[in-house]
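S.K.: I would like to see how this sequence folds:
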Amino acid sequence: MSEAIWVKALRTVPQVDKAQWNTLSLFTRWLIASRFSVTIMTFSSAIIGVLVALSHGSIDVGMSMLCILGLVLAHATNNLLNDYTDSVRGVDKGNYFRTQYGTHVLEGELLTKKQLMSYIIISGLLAIFCGAVIIYLRGIEVLWLMLIGAFFVLFYTWPLKKLALGELSVLLVWGPLMVGGTYFVASGEWSVASALIGTLYALAPTAVIFGKHIDKIDMDKSKGIYSLPVLLGEKKSRKVAQIIMLSQYALTGYLYINGYLGLGVLLLLLALPTLIQTLNVFNQIRPNEMPQGFRQEVWPLWFAPHAFQYTRRFSLFFLLMLVVENILV
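M.R.: The predicted structure is shown next:
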């Protein structure tokens, strides 16, 4: 039972009841509570920074691995803090989306507030420890990157998301900050190219969060959360999400023309079938009832899972492109 749930927790946010929870190891509980499956986007950003740095010369493997670990732990801490904050503020009370598409350890009474706070503190301290070691070895410049990252970790849920700044935050964090920051840690140098390539990748996670906020428009509006889709409305937001995904290919063309990327960009064309399917989903209004054959564990989210599926496919070929260009060629 525990092993099956542990594996599942790496792919999704599994629903578990109190009886199941009591049989799980502490590590498996942490995976579920932190929604660890979505940290794949952070892992991808960090790997991209390392691969781009590798293309420009030698890298420090140890610090690269420490940076990746620290960023993943920071993302997990953000997820834990997000659930804690939204639960305390009453946002996740009742039949809210967050409690429907995956286990919420507070709303499901699997952990007390004190216990969840201990998860937050330990995860956060481990992330800070990774950052402190990197600062000691690489220099004080890393501190400023950590402080910017800490700002988004602490204030993304409130007030940034509430003030329609959540989507922009995702673009900045998963792009220039994570990719550019990892590049600096790995190589010891700053790079405009890494920031641009990071922005190209970050458009995919931004589409995911945009889709999620479209799914939650009515509920967020009732809770006083004014995300960008709440302000734009569903129809306009679906179009904006499509533009975000399509802009990846426009930016890819720009980066290729200006010599930041090579012919390996052709691998990104392999993500086009999934892109077209996702764009078609965003052409239609969200269904009121779960369509037959749809993944029950993620419903009532609709646009977000489709955008996430595209993001995973795009990320796969994006990483493959960087490996081909920076390692094999």
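
S.K.: all contacts plus neighbour counts: C-alpha atoms, from now on.
M.R.: Noted.

S.K.: what are the phi and psi angles of T112?
M.R.: With angles defined as degrees, to the nearest 10, T112 sits at phi -80, psi 170.

S.K.: tell me what the longest helix belonging to the chain is packed against?
M.R.: Of all the segments assigned as helix in the chain under DSSP state H, the longest by residue count is helix 61-88. Under the contact criterion of 3 or more C-alpha pairs under 8 Å, 6 or more residues apart in numbering; DSSP states H and E, helix 61-88 touches helix 40-55, helix 113-138, helix 141-155, helix 181-187.

S.K.: Would you mind measuring from P300 to R286?
M.R.: Using C-alpha to C-alpha, to the nearest Å, P300 is found at 10 Å from R286.

S.K.: Common neighbours of the two, please.
M.R.: Counting by C-alpha atoms under 8 Å, 6 or more residues apart in numbering, the residues touching both P300 and R286 are D215.

S.K.: Neighbour count for these two, which is higher?
M.R.: With other C-alpha atoms under 10 Å as the criterion, P300 and R286 differ in neighbour count, and P300 comes out ahead with 22 against 17.

S.K.: Give me the distance between the more buried one and I214.
M.R.: 12 Å.

S.K.: just the helices in the stretch 151-300 of the chain please.
M.R.: If DSSP state H, counting those that start in this stretch is used as the criterion, the helices of the stretch 151-300 of the chain fall at 166-172, 181-187, 192-215, 217-222, 228-232, 234-257, 272-283.

S.K.: average pLDDT for the fourth one?
M.R.: For helix 217-222, the mean per-residue pLDDT is 87.

S.K.: what bits of the stretch 201-329 of the chain have low per-residue confidence?
M.R.: Applying pLDDT under 70 to the stretch 201-329 of the chain flags residues 326-329.

S.K.: Could you give the number of residues near L196?
M.R.: Other residues near L196 come to 19 when the count uses other C-alpha under 10 Å.

S.K.: That one - nearest residue in space that isn't next to it in sequence?
M.R.: Nearest residue to L196 in three dimensions, chain neighbours excluded: P176, at 7.0 Å (C-alpha to C-alpha, 6 or more residues apart in numbering).

S.K.: And for L301?
M.R.: Excluding its sequence neighbours, the residue lying closest to L301 (C-alpha to C-alpha, 6+ apart) is D215, at 5.8 Å.

S.K.: For that neighbour, give me its contacts.
M.R.: Taking C-alpha under 8 Å, 6+ apart, one finds R286, P300, L301, W302, F303, A304 in contact with D215.

S.K.: so, if you compare these, which one comes nearest to N280?
M.R.: Ranked by distance to N280 (C-alpha to C-alpha), those are led by F303 at 10.8 Å.

S.K.: Now for the closest one: which residues touch it?
M.R.: Residues in contact with F303, defined by C-alpha under 8 Å, 6+ apart, are V208, G211, K212, I214, D215, V281, F282, R286.

S.K.: could I get these as TSV with distance to V16?
M.R.: Conversion of those to TSV gives the following (distance: C-alpha to C-alpha, whole Å):
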residue	distance to V16
V208	24
G211	25
K212	22
I214	26
D215	23
V281	29
F282	31
R286	27
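
S.K.: Return the member of those nearest to L316.
M.R.: Closest approach to L316 among the contacts of F303 (C-alpha to C-alpha): V208, at 15.7 Å.

S.K.: any idea how far F294 is from the residue nearest in space to the middle of the chain?
M.R.: When the chain is reduced to its mean C-alpha position, the nearest residue by C-alpha atoms, centre = their mean turns out to be M41, at 4.4 Å. M41 sits 23 Å away from F294 when distances are taken as C-alpha to C-alpha.

S.K.: swap in F308?
M.R.: For F308, the distance to F294 (C-alpha to C-alpha) stands at 14 Å.

S.K.: Can you pick out the residue with more neighbours from the two?
M.R.: Of the pair F308 and F294, F308 is the one with more neighbours under other C-alpha under 10 Å, namely 22 against 10.

S.K.: Make sure P300 is actually in contact with M290.
M.R.: Yes - under the contact definition of C-alpha atoms under 8 Å, P300 touches M290, with a separation of 7.1 Å.
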